[in-house]
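Peer 1: here you go, sequence then predicted model.
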Amino acid sequence: MADGGHYRVGMEPDHKPSVISRLLDEVSWEGSNVKRYRDGGRGMENPLTAEVFQGLSNLPRDLFLGEVLRCAHGADQTRLAAADEAELADLDVLPGSLLLPDLRIDVQPDVWVTGPSVQLLVEAKGFRKGATFNVEQLPRELLCLQAHSGNRTPLLLLVLTTPPPIRLAGSGRHEVDAGVAVGLESLCTRAGMTAEDYEALLASIPFCVAWITWSEIYTIVMRQKNALSGLPSSIAASLHRTADGVAQAIKWHSGGLVLETLAVVDQPLG
């Protein structure tokens, strides 16, 4: 998510800003980089995330968002719990900044999903060439979840353009769990945490970090759309339009990077 967003989770006005207004707010902080949003911000993570997760929020949650979570990889117990309660969750796209007070660092989730028992932070990577995670980005988000989950179980979901390994700026390629661990010890030390706190966080990574690719989300959305049946024609048409919008956003933003994969799942289901 772009730096500088000024909404804060839990500090919003009575009229909750829409996804479009939040995206415009993010654009307003880009300064001279605002030209990157021409052509609809193609390949950039904020427009892609807004288009896809707004659609997933509006579609029947258990059938679509829940299925995305069920088909993701890693953190099985927590991920499946989040899937089961997707219908009841509060979903915020581009929610703004959350403060890590001990480090005086703002963390900006791409999506913040609060369920009855699971707190989900989505970190999405766009299709722009050379996109990488900042070296401390993922451990910061892990600490953010620990600080802001309350009594809920934390879950960090990475949405990737390709399956792992993931790329960290200046630190090469890593499997997901190892990538989240890079820089974690230094952050814990700077936050005044003990060695035992760090070891506990390190041990928690396999249980609270999951990943999925955009092409997998595309496949799931198209499969679930085609499985809808027994609905009044107007409702079915509305759901089909919304699902198609999600799928087409992924396909368009990919800019050809995953077209071969998408061509396969575009074939009629047997």
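Peer 2: Cool, got the structure.

Peer 1: contacts and neighbour counts: CA atoms only from here.
Peer 2: Fine.

Peer 1: strands of this protein, residue ranges please.
Peer 2: For the chain, the strands defined by DSSP state E occupy 90-93, 98-100, 105-107, 111-114, 118-124, 153-160, 166-168, 172-174, 209-213.

Peer 1: got a list of contacts for the third one?
Peer 2: For strand 105-107, the external contacting residues (Cα atoms under 8 Å, 6 or more residues apart in numbering) are 97-100, 140-141, 144.

Peer 1: in that strand, what counts as buried?
Peer 2: For strand 105-107, a neighbour-count test (16 or more other Cα atoms under 10 Å) marks 106-107 as buried.

Peer 1: partners of that strand, with directions?
Peer 2: Paired strands of strand 105-107, with direction, are strand 98-100 (antiparallel) (DSSP bridges).

Peer 1: and what of the fourth one?
Peer 2: Each strand paired with strand 111-114, and its direction, by DSSP bridges: strand 90-93 (antiparallel), strand 118-124 (antiparallel).

Peer 1: now swap in the longest one and tell me
Peer 2: In the sheet containing strand 153-160, the strands it pairs with under DSSP bridges are strand 118-124 (parallel), strand 209-213 (parallel).

Peer 1: A89 is nearest to which of these?
Peer 2: For A89, the closest of those is strand 118-124, at 8.9 Å, according to Cα to Cα.

Peer 1: mean confidence score for the closest one?
Peer 2: Strand 118-124 shows a mean pLDDT of 98.

Peer 1: then stretch 148-158?
Peer 2: Per-residue pLDDT over stretch 148-158 has a mean of 97.

Peer 1: how about that stretch: buried residues?
Peer 2: In stretch 148-158, counting by 16+ other Cα under 10 Å, buried: 149, 152-158.

Peer 1: now the end-to-end length of that stretch.
Peer 2: Counting by Cα to Cα, to the nearest Å, you get 18 Å between the two ends of stretch 148-158.

Peer 1: for stretch 85-98, same thing?
Peer 2: Using Cα to Cα, one end of stretch 85-98 lies 23 Å from the other.

Peer 1: who are the contact partners of the residue lying closest to R190 once chain neighbours are set aside?
Peer 2: What sits nearest to R190 in space, not counting adjacent residues and going by Cα to Cα, 6 or more residues apart in numbering, is L103, at 6.8 Å. L103 makes contact with 187, 190-191 under the criterion Cα under 8 Å, 6+ apart.

Peer 1: from the buried residues of stretch 148-158, which two are the most distant?
Peer 2: Farthest pair in the buried residues of stretch 148-158 (Cα to Cα) is R152 and L158. Separation: 18.9 Å.

Peer 1: which stretches in this structure count as helices?
Peer 2: Ranges of helices in the chain, per DSSP state H, are 19-28, 38-41, 45-58, 65-71, 76-84, 137-148, 176-181, 184-190, 195-208, 214-227, 233-253, 259-265.

Peer 1: the longest one - contacts with which helices or strands?
Peer 2: In this structure, helix 233-253 packs against helix 45-58, helix 214-227, with contacts taken as 3 or more Cα pairs under 8 Å, 6 or more residues apart in numbering; DSSP states H and E.

Peer 1: might you list the low-confidence residue ranges for the protein?
Peer 2: Applying pLDDT under 70 to the chain picks out residues 1-15, 20-22, 24-30, 35-41, 43, 256-270.

Peer 1: so what's the residue nearest the centre of it bridging to?
Peer 2: With distances taken as Cα atoms, centre = their mean, the residue of the chain nearest its centroid is V122 (2.7 Å). On the basis of DSSP bridges, V122 takes part in beta bridges with V111, L157.

Peer 1: surely it and P109 touch.
Peer 2: Yes - using Cα atoms under 8 Å, V122 is in contact with P109, at 6.3 Å.
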